[in-house]
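Novice: Build me a model:
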Amino acid sequence: EGSKVGVVVEREGKTLDFILTREPIKITSVKWYLGEMKGVAGKVGVIRIKNFSGTTAETVKSAMMELKEKGASKWVLDLRGNPGGLLPGGVDTASLFLEEDKPVVFVVNKNGVVDAQKTLTKGIDLDAPLVVLVDGNTASAAEVMTAALQENQRAVVAGEQTFGKGIVQTIRQLENGNGGVAVTIARYETPEHHDINKQGIAVDVKTRTDCEKVDALACLSPEVFKN
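Specialist: Just a heads-up that it's a prediction; the model follows:
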């Protein structure tokens, strides 16, 4: 970071020299905004999570605090198109809405449960109505989080059946060093010990999922906050 590098570019037959300064690339995987819905009292804080990283939970926590200050009394977590990412990011984000010592996910191999992950602390919002919006491309860590909130009776899941990727894989290198093979070594199970791989998560309320990414509330009806 801060060091300089020279780049030579050919454009329309001309050679151009540029000096660039290296800086970290920040990828924004969480966006949030405040919205309102006809037939729903109060303001709704909408948090869209594109994928999970090691910083997702802290970012979501900051977003919640900001939206609360602006009057948010209900939440929508928009996980449409979220392919997953880092499992701890999904676990820690789910924990923001759950009581302490609640089951989040089990990692199971052929010998049984090898890792049982629970919430370690009390979440920052345990009562406000919460809707998780998912679609057929919601997968892996995003499904783990969705199931944790659904099966702990903390959220209503709306949208359409999720993708169904609930396995843990590793890459085994081939002997000749020419590539590798993905090998499944374990699977994820939900708090109620459901195997979601190739099954996905059934929603509580079927809704549209094709609304604009910047307007998740357009996919929902007021009834999702009454379940």
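
Novice: make it CA atoms for all contacts and neighbour counts henceforth
Specialist: Noted.

Novice: Can you tell me how far Val107 is from Asp115?
Specialist: Per C-alpha to C-alpha, to the nearest Å, Val107 is found 5 Å from Asp115.

Novice: Those two: which is more packed in?
Specialist: Val107 (20 against 12; other C-alpha atoms under 10 Å).

Novice: quick one: secondary structure of that one?
Specialist: The assignment at Val107 comes out as strand when based on DSSP: H, G, I helix; E, B strand; the rest coil.

Novice: for the lengthiest strand in the chain, packing partners?
Specialist: Assignment by DSSP state E gives strand 180-189 as the longest strand of the chain. For strand 180-189, the packing partners by 3 or more C-alpha pairs under 8 Å, 6 or more residues apart in numbering; DSSP states H and E come out as strand 103-109, strand 167-173.

Novice: Can you list the buried residues in stretch 110-118?
Specialist: Lys118 (16 or more other C-alpha atoms under 10 Å).

Novice: contacts for it?
Specialist: Residues outside stretch 110-118 that contact it (C-alpha atoms under 8 Å, 6 or more residues apart in numbering) are Val91, Glu100, Asp101, Lys102, Pro103, Val104, Val105, Phe106, Val107, Val108, Ala186.

Novice: Tell me how many other residues crowd the third one.
Specialist: One way to gauge burial is a neighbour count; for Asp101, by other C-alpha under 10 Å, it gives 13.

Novice: Ignoring the adjacent residues along the chain, who's closest to it?
Specialist: Spatially, and ignoring its direct neighbours in sequence, Asp101 is nearest to Thr119 (4.9 Å; C-alpha to C-alpha, 6 or more residues apart in numbering).

Novice: Tell me the strands beside the helix or strand of the chain with the lowest mean pLDDT, with direction?
Specialist: Lowest on mean pLDDT, DSSP states H and E among the helices and strands of the chain sits strand 167-173, with a mean of 82. Sheet pairing for strand 167-173, assigned by DSSP bridges, gives strand 180-189 (antiparallel).

Novice: Find the residue at the geometric middle of this structure.
Specialist: Of all residues in the chain, the one closest to the mean position by C-alpha atoms, centre = their mean is Ala142, 4.1 Å from it.

Novice: pLDDT averaged over the top helix by length along the chain - what is it?
Specialist: Ranked by residue count under DSSP state H, the longest helix found in the chain is helix 56-69. For helix 56-69, mean pLDDT rounds to 97.

Novice: Mind listing residues that contact that helix?
Specialist: Against helix 56-69 from outside (C-alpha under 8 Å, 6+ apart): Ser29, Val30, Trp32, Tyr33, Leu34, Gly45, Ile47, Gly89, Gly90, Asp92, Thr93, Leu96.

Novice: where in the protein is pLDDT low?
Specialist: Residue ranges of the chain with pLDDT under 70: 25-27, 227.

Novice: Mind doing that once more with 50?
Specialist: For the chain, no stretch is flagged by pLDDT under 50.

Novice: Do a quick rundown of the strands in it.
Specialist: With DSSP E, the ranges of strands along the chain come out as 4-11, 14-21, 30-35, 43-49, 72-78, 103-109, 112-118, 130-134, 156-159, 167-173, 180-189, 205-206.

Novice: now the ones you listed as a markdown table including distance to Leu149?
Specialist: Shown next, in a markdown table, are those (distance: least, C-alpha to C-alpha, whole Å):
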| stretch | distance to Leu149 |
| --- | --- |
| strand 4-11 | 47 |
| strand 14-21 | 44 |
| strand 30-35 | 19 |
| strand 43-49 | 15 |
| strand 72-78 | 11 |
| strand 103-109 | 8 |
| strand 112-118 | 12 |
| strand 130-134 | 8 |
| strand 156-159 | 8 |
| strand 167-173 | 19 |
| strand 180-189 | 14 |
| strand 205-206 | 15 |
